[in-house]
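Q: Only the shape, not the letters, is given here:
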């Protein structure tokens, strides 16, 4: 199983927040757009890890904490549902 770690430790900027997600999913930082639609679209056409382990989320503050709690999981669930339709695996787990 291919596992990738998404570490938010020390993340304070929106661009860095999205770059860390894009990097952990293997979507190409600088290539994939820094928004939820682009992340979802690219995740359907690129080879992504089968599992994403999320850590460092307790250090997120303000706007980044809102993006994390509201939008990240909505997008990850959409990706998971897409892969389930094709009997493929994508899952995520919060480590911290």
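A: Thanks, I have the structure now. Quantities reported herein were computed from a predicted structural model and do not represent experimental measurements.
Q: Tell me which residues touch residue 90, please.
A: Contacts here follow Cβ atoms under 8 Å, 6 or more residues apart in numbering; on that basis residue 90 touches 43, 48, 49, 50, 51, 52, 79, 80, 82, 83, 84. (Each C-beta comes from the backbone N, C-alpha and C, glycine too.)
Q: ok, the fifth one touching residue 92?
A: Yes. With contact defined as Cβ atoms under 8 Å, residue 51 and residue 92 form a contacting pair (6.8 Å).
Q: out of those two, which sits in the more crowded spot?
A: residue 92 (18 against 15; other Cβ atoms under 10 Å).
Q: so what's the closest residue in space to the more buried one that isn't next to it in sequence bridging to?
A: Leaving aside its chain neighbours, residue 92 sits nearest to residue 52 (4.2 Å; criterion: Cβ to Cβ, 6 or more residues apart in numbering). Counting by DSSP bridges, residue 52 is bridged to residue 4, residue 92.
Q: how far away is residue 52 from residue 62?
A: 23 Å (Cβ to Cβ, to the nearest Å).
Q: More neighbours: the two, which one.
A: With neighbours defined as other Cβ under 10 Å, residue 52 and residue 62 compare such that residue 52 has more, 22 against 8.
Q: Quick check, pLDDT for that one.
A: We have a pLDDT of 98 for residue 52.
Q: For the residue most central in space within the chain, give its distance to residue 46.
A: The residue lying closest to the centre of the chain (Cα atoms, centre = their mean) is residue 21, at 4.1 Å. Counting by Cβ to Cβ, the gap from residue 21 to residue 46 is 13 Å.
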